[in-house]
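S.K.: Here is a sequence together with a model predicted from it:
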Amino acid sequence: MSLPSPTTLGLKKSFGFGDRLGLAGPGHLAALQRHGQGFAGIFAQQSIREMTRTRRSPEEVMLAAQNTLAGANYAPPWGADADHLKTTEDIDKTAAAGFTFFTLDPSPFVNNAADRLGLAELEAQIATLLQDGIFTAGWESEYLKSAHDVGPAAGAPLSFERAGLQRAAVKYGRAIHQVGLLAAHLAKTLKRPYEIEVSVDETDTPTRPLEHLFWALELRRRGVIERVVSLAPRFIGDFEKGVDYKGDLAEFEKQLRVHAAIAKECGPYKISVHSGSDKFSIYPIVGRVCGDRLHLKTAGTSYLEALRVVCRVDQTLFGQIAAYAATRFSEDKASYHISANETTVAAIAKTAPADYERVYLDEPVGRQLLHVTFGSTLTLGTTPSGRPFKDGIMEILQNNPGLHAEVLVKHLGRHLSLLNAG
Ligand SMILES: [Zn+2]
C-alpha cells in the first residue's frame with residue numbers, strides 16, 4: 001500500500017485535527033466528510049511541545065495520518081502542520097518527516113514589557129534594535145507617510161503615530177526578525193512546496209489591529225509574505241483550554257473583522273484560530289467573518305473524546321486516570337491558560353462513577369484537569385498494578401473503533417457545522 005502525501009493548501013479554508021494518540025484519524029476524517037463542507041483537513045498536526053509531552057516523533061504523527069487516509073482511499077488534498085516551531089532544529093526534524101505547513105512561533109522574542117514603556121525607554125529600545133540590525137535607519141518613514149486603507153471594517157484607514165509605531169516595533173521587532181530567520185532557513189533547506197503560518201497567539205496581551213498591520217507590512221518588507229498562508233493573532237477575550245470562549249462576542253466580532261480585512265489587504269492570507277477547540281459561541285461569527293480565509297486548530301479536545309470512550313468502556317480505569325490527573329494538576333497546569341484551580345479540582349475528587357462523564361468530560365473543571373495533564377497521563381501514569389495508562393487507553397480505543405469515531409464525529413462535527421452555519 002503506497003502512502004498518501006500531504007500537500008500545501010494555499011488559501012483553502014482548513015481545519016486542523018490534532019491527534020495525540022494516533023487513533024483519532026477515522027473519526028476526524030468522518031467528521032470532515034459529514035460536516036466540513038468546503039474545509040480541507042490538516043490531519044497531521046502536532047506541536048513540538050506536544051510531541052515532547054507525548055514522546056511521539058514527527059514520523060509517527062505523519063504515519064498515523066497517512067495510514068488513516070490510505071485505508072479510506074482518501075483522494076482530496078490534505079495538509080500536515082508542524083505546529084509551534086521555535087528553532088531551525090524544529091524545522092529540520094519536521095521537514096524530514098514530510099510536513100508541508102510550518103507554523104513559526106516567535107513568542108520567546110516578543111517583548112511583552114513594551115506595552116508599559118515610556119517614550120524615552122521606547123527611543124532607547126529602538127536605538128538598540130537599530131544597532132542589532134533588526135531595523136535599518138529610516139525604517140519609520142514608510143509607516144508614518146500615509147494611512148493604510150484596509151476597507152470599511154476598520155471604520156477608517158489605519159494610521160500609525162510615532163509612539164504607537166515604536167511600541168509595536170519594540171514589542172514585535174525581534175519576533176519578526178526571528179520569523180525572517182526561520183523562513184530563510186526553510187527557503188534554503190526545503191526544495192519542495194511548503195507554506196508558512198505565523199503564530200503570535202501566545203503573548204500576554206491581545207494583538208491590536210495596528211500591531212497586526214505592522215506584522216503584515218514587516219513580513220512583506222522582509223520578503224516572507226509570499227509563503228505565508230495564515231497568521232494567528234491573539235484575539236481579545238479568553239481562549240481557555242477545553243471550554244467555550246469567554247468574552248464579549250460583539251467586540252470579538254468587531255476586532256475579528258479588522259483582522260480579517262488586514263489579512264485580505266496585506267496578504268492575502270488566512271486568519272488562524274489557535275486553541276480553537278470547544279469555542280462554540282464564536283464559530284458562527286468566525287465562519288461568517290472569515291469566510292474561506294480561515295484556518296482553525298484543534299488538538300486536546302480529541303484526547304478528551306478518547307477519554308470519553310475509556311469512561312464508557314472501563315469506569316475503573318477512567319477513575320484511576322482522573323485521580324492520577326488530580327495529583328499532577330499543580331505541576332502540569334503551569335504552561336496553560338485555564339480557570340480550574342487546586343480548589344475546584346479538589347472539589348470534584350469524590351465524584352461517583354455514574355457522574356464521571358458529566359463531571360470530567362462535559363463540565364469545565366474536569367475537562368481542564370484532564371486536558372492539561374495529558375502528557376503525564378500518557379507517559380508516566382500507571383494503574384495500581386503498574387500498567388501504563390496509555391496501554392489501557394490504546395487497547396480500549398483499538399477495541400472500540402466505532403464508538404471512538406462516533407464521539408469524534410459528534411464533537412468535531414459540531415465544530416465544523418457551526419463554522420459553516422455562520
Ligand atoms: Zn497556538
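M.R.: Received the coordinates, thanks.
S.K.: Show residues contacting stretch 338-349.
M.R.: 240-243, 323, 326, 329-330, 333, 359-360, 364-366, 368-369, 371-372 (CB atoms under 8 Å, 6 or more residues apart in numbering). In short, each C-beta sits where N, CA and C put it, glycine included.
S.K.: Run through the protein and note the low-pLDDT ranges.
M.R.: 1 (pLDDT under 70).
S.K.: in it, which helix has the most residues?
M.R.: helix 162-189 (DSSP state H).
S.K.: chain center to that one: distance?
M.R.: 20 Å (CA atoms, centre = their mean, to the nearest Å).
S.K.: Output the contacting helices and strands for that helix.
M.R.: When contacts are defined as 3 or more CB pairs under 8 Å, 6 or more residues apart in numbering; DSSP states H and E, helix 162-189 sits against helix 88-96, strand 101-104, helix 119-131, helix 139-145, strand 195-199, helix 209-221.
S.K.: go with 6 Å
M.R.: Contacts defined by 3 or more CB pairs under 6 Å, 6 or more residues apart in numbering; DSSP states H and E place helix 162-189 against helix 119-131, helix 209-221.
S.K.: closest to the ion out of these?
M.R.: helix 209-221 (15.2 Å; CB to the ion).
S.K.: three-state assignment of Gly133?
M.R.: Look at Gly133: counting by DSSP: H, G, I helix; E, B strand; the rest coil, its state is coil.
S.K.: Could you check how far it is from Leu117?
M.R.: For Gly133, the distance to Leu117 equals 21 Å [CB to CB, to the nearest Å].
S.K.: how about the residues of this structure that lie near the ion?
M.R.: 201, 274 (CB under 5 Å from the ion).
S.K.: Where does the chain get nearest to the ion, residue-wise?
M.R.: For the chain, CB to the ion, closest residue to the ion: His274, 3.2 Å.
S.K.: got a list of what the closest residue to that residue other than its chain neighbours touches?
M.R.: Among residues not flanking His274 along the chain, Asp201 sits closest, at 4.4 Å (CB to CB, 6 or more residues apart in numbering). By CB atoms under 6 Å, 6 or more residues apart in numbering, the contact set of Asp201 is 232, 234, 274.
S.K.: circling back: who's more crowded, Gly133 and Leu117?
M.R.: Leu117 (18 against 8; other CB atoms under 10 Å).
S.K.: What strand or helix carries Arg53?
M.R.: helix 48-54 (DSSP states H and E).
S.K.: what does that helix contact?
M.R.: Here helix 48-54 has contacts from 20, 90, 375, 378, using CB under 6 Å, 6+ apart.
S.K.: Surely the third one forms part of a helix?
M.R.: Yes - remark: Gly375 belongs to a helix, assigned using three-state DSSP.
S.K.: Now it: closest residue in space that isn't a chain neighbour?
M.R.: That would be Arg53: by CB to CB, 6+ apart, it lies 3.1 Å from Gly375.
S.K.: packing partners for the helix or strand containing Leu416?
M.R.: In this assignment (DSSP H and E), Leu416 forms part of helix 401-420. Under the contact criterion of 3+ CB pairs under 6 Å, 6+ apart, helix 401-420 touches helix 25-35, helix 283-290, helix 300-313.
S.K.: Show me the two of the contacts of helix 48-54 that sit farthest apart.
M.R.: Asp90 and Leu378 (20.8 Å; CB to CB).
S.K.: helix, strand or coil for Arg367?
M.R.: helix.
S.K.: burial measure for it, as a count.
M.R.: Arg367 has 25 nearby residues by other CB under 10 Å.
S.K.: Next one: the closest residue to it other than its chain neighbours from Ala232, what distance?
M.R.: With CB to CB, 6+ apart as the criterion, Arg367 has its nearest non-adjacent residue at 3.9 Å, and that residue is Gly242. Look at Gly242 and Ala232: by CB to CB, they are 19 Å apart.
S.K.: For the stretch 251-400 of the chain, just list every one of the strands.
M.R.: Using DSSP state E, counting those that start in this stretch, the strands of the stretch 251-400 of the chain run over residues 270-273, 294-298.
S.K.: Pairing partners for the longest one, with directions?
M.R.: When you say that, I think you mean strand 294-298. Strand pairing for strand 294-298, determined by DSSP bridges: strand 14-17 (parallel), strand 270-273 (parallel).
S.K.: okay, the angle between that strand and helix 283-290?
M.R.: Interaxial angle, strand 294-298 versus helix 283-290 (axes from the mean of the first three to the mean of the last three CA atoms, to 10 degrees): 150 degrees.
S.K.: and the angle from strand 294-298 to helix 401-420?
M.R.: Using the same axes, to 10 degrees: strand 294-298 against helix 401-420 is 140 degrees.
S.K.: who's in contact with strand 294-298?
M.R.: Taking CB under 6 Å, 6+ apart as the rule, strand 294-298 contacts 13-16, 230, 270, 272-274, 276-277.
S.K.: what do you get for the shortest one?
M.R.: When contacts are taken as CB under 6 Å, 6+ apart, the neighbours of strand 270-273 outside the stretch itself are 197, 229-230, 232, 259-260, 263, 290, 293-296.
S.K.: List the buried residues of it.
M.R.: 270-273 (16 or more other CB atoms under 10 Å).
S.K.: Out of those, the closest to Thr7 would be?
M.R.: Nearest to Thr7 among the buried residues of strand 270-273, with distances taken as CB to CB, is Lys270, at 16.0 Å.
S.K.: Now Leu182: closest residue in space, sequence neighbours ignored.
M.R.: In space, Leu182 is closest to Leu104, 4.8 Å off (CB to CB, 6+ apart).
S.K.: And the one you found, how far from Gly10?
M.R.: Relative to Gly10, and taking CB to CB, Leu104 is found at 17 Å.
S.K.: Neighbour count: the two, which is higher?
M.R.: Leu104 (27 against 14).
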